[in-house]
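1. what's the 3D shape of this:
(one chain, ligands or ions: 1)
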Amino acid sequence: MSERIISWHGNPSRPTYTPPPGAIDAHCHVFGPMAQFPFSPKAKYLPEDAGPDKLFALRDHLGFSRNVIVQASCHGTNNAATLNGIAVSGGKARGVAVVDPAISDEEIAALHQGGMRGIRFNFLKRLVDDAPKDKFLEVAHRLPKDWHIVIYFEADILEEMRPFIAALPRLVVVDHMGRPDVTQGPDGPDMKAFRSLLDSRDDIWFKPTCPDRLDLAAGDPWNNFADAVAPLVADYSDRCIWGTDWPHPNMEKAIPDDGHIVDMIPRIAPTAELQQKLLVTNPMRLYWPEEL
Ligand SMILES: O=C(O)c1cc(C(=O)O)oc(=O)c1
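-> The predicted structure follows:
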């Protein structure tokens with residue numbers, strides 16, 4: 001792997017939709033800069049630099065106030081690039097870490113000090129070599145009580161994930177809704193299965209994110225995504241947070257326009273009340289609870 005990849009739009013449009021004051025982009029990443037923060041030897045993709053300067057310029061361009069930077073798989077379990085993004089944000093970013101399950105309690109405390117408020121368990125075989133559930137559970141028990149656990153898996157393993165998710169000892173947030181097939185519609189088997197997961201615990205949250213990934217074949221403006229996801233946001237409005245997913249890892253063949261990604265918000269959250277929860281109240285509860 002030698003060629004460095006660009007998966008983000010060079011000149012995204014300005015969205016038609018204006019987010020409310022204090023809106024949080026609660027799922028985005030930073031890549032490098034590589035000279036300062038090299039990628040993991042186990043990385044499955046090698047991106048060009050997409051550092052905090054670019055991320056914060058996009059935040060302002062799209063009309064957001066804060067970011068939650070989720071450690072990307074290309075940085076493995078070394079959180080230095082994500083911590084740097086948080087550190088240079090002037091208090092406007094917090095993060096989600098990816099850790100070696102053997103991490104010490106002191107290192108977890110240092111991550112908290114650096115602005116991390118959760119950890120991510122990634123189960124996608126194309127992104128990580130292994131996902132040891134027993135070790136994940138052990139470290140989950142050692143997290144600060146107010147942290148949460150972000151999990152990323154695909155719909156075809158939802159059933160086998162259930163006992164693990166049921167055993168997680170903190171609030172859970174499911175990335176990209178566990179990647180349902182949105183072309184099945186709001187009442188399709190994947191959405192039904194995901195709803196039954198949400199109904200199994202009232203502290204399972206989700207991100208109604210990534211129309212570009214989940215409605216890839218239809219493409220922008222991602223109508224299947226809007227149809228399938230709007231009812232979910234309406235029915236579980238206190239349990240969802242939203243993000244751009246910039247710089248869209250692995251989307252180099254179908255790079256989305258971030259302005260259009262933002263314009264999905266009023267289609268899945270049509271009222272001002274839903275938008276306030278999705279973009280402000282809910283993510284504030286997870287990432288800046290001391291301000292509420
Ligand atoms: O589907 C993906 O390729 C993807 C990858 C990553 C990552 O590499 O961390 O994060 C995401 O949220 C989505």
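2. For the stretch 1-150 of the chain, list the residues in contact with the ligand, please.
-> Counting by C-beta under 6 Å from any ligand atom, the stretch 1-150 of the chain comes close to the ligand at 72-74, 127. Where you see a C-beta, it was placed from the backbone N, CA and C, and this is true even at glycine.
3. can I get these in TSV with secondary structure?
-> Output for those, formatted as TSV (DSSP: H, G, I helix; E, B strand; the rest coil):
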residue	secondary structure
72	coil
73	helix
74	helix
127	coil
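4. Considering these, which possesses the most neighbours?
-> Among these, residue 72 has the most neighbours (other C-beta atoms under 10 Å), with 26 neighbours.
5. What's the local residue count around the nearest residue to that residue once chain neighbours are set aside?
-> Distances taken as C-beta to C-beta, 6 or more residues apart in numbering put residue 29 closest to residue 72, at 4.0 Å, once the chain neighbours are dropped. Residue 29 has 27 neighbouring residues, counting by other C-beta under 10 Å.
6. With residue 100 instead?
-> 12.
7. in terms of contact, does it touch residue 77 like I think?
-> Yes - Residue 100 lies in contact with residue 77 (C-beta atoms under 8 Å); the separation is 4.6 Å.
8. circling back to that earlier point, looking at the residues of the stretch 1-150 of the chain next to the ligand, spot the one nearest residue 213.
-> Ranked by distance to residue 213 (C-beta to C-beta), these are led by residue 127 at 12.6 Å.
9. hang on, isn't that closest one packed against residue 43?
-> No - in this structure, residue 127 is not within contact of residue 43 by C-beta under 8 Å, at 9.2 Å.
10. shared neighbours of those two, anything?
-> residue 73 (C-beta atoms under 8 Å, 6 or more residues apart in numbering).
11. for the stretch 51-200 of the chain, what spans make up the strands?
-> If DSSP state E, counting those that start in this stretch is used as the criterion, the strands of the stretch 51-200 of the chain fall at 66-70, 93-97, 116-122, 148-152, 171-174.
12. Tell me what angle the longest one forms with strand 93-97.
-> Comparing the axes of strand 116-122 and strand 93-97 via axes from the mean of the first three to the mean of the last three C-alpha atoms, to 10 degrees yields an angle of 40 degrees.
13. Against which helices or strands is strand 116-122 packed?
-> Packing contacts for strand 116-122, counted by 3 or more C-beta pairs under 8 Å, 6 or more residues apart in numbering; DSSP states H and E, involve helix 80-87, strand 93-97, helix 133-140, strand 148-152, helix 282-287.
14. For the strands of the stretch 51-200 of the chain, please prepare JSON lines with the additional fields mean pLDDT and mean neighbour count.
-> Shown next, in JSON lines, are the strands of the stretch 51-200 of the chain (pLDDT from 0 to 100; neighbours: other C-beta atoms under 10 Å):
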{"stretch": "strand 66-70", "mean pLDDT": "99", "mean neighbour count": "26"}
{"stretch": "strand 93-97", "mean pLDDT": "99", "mean neighbour count": "25"}
{"stretch": "strand 116-122", "mean pLDDT": "98", "mean neighbour count": "23"}
{"stretch": "strand 148-152", "mean pLDDT": "98", "mean neighbour count": "22"}
{"stretch": "strand 171-174", "mean pLDDT": "99", "mean neighbour count": "23"}
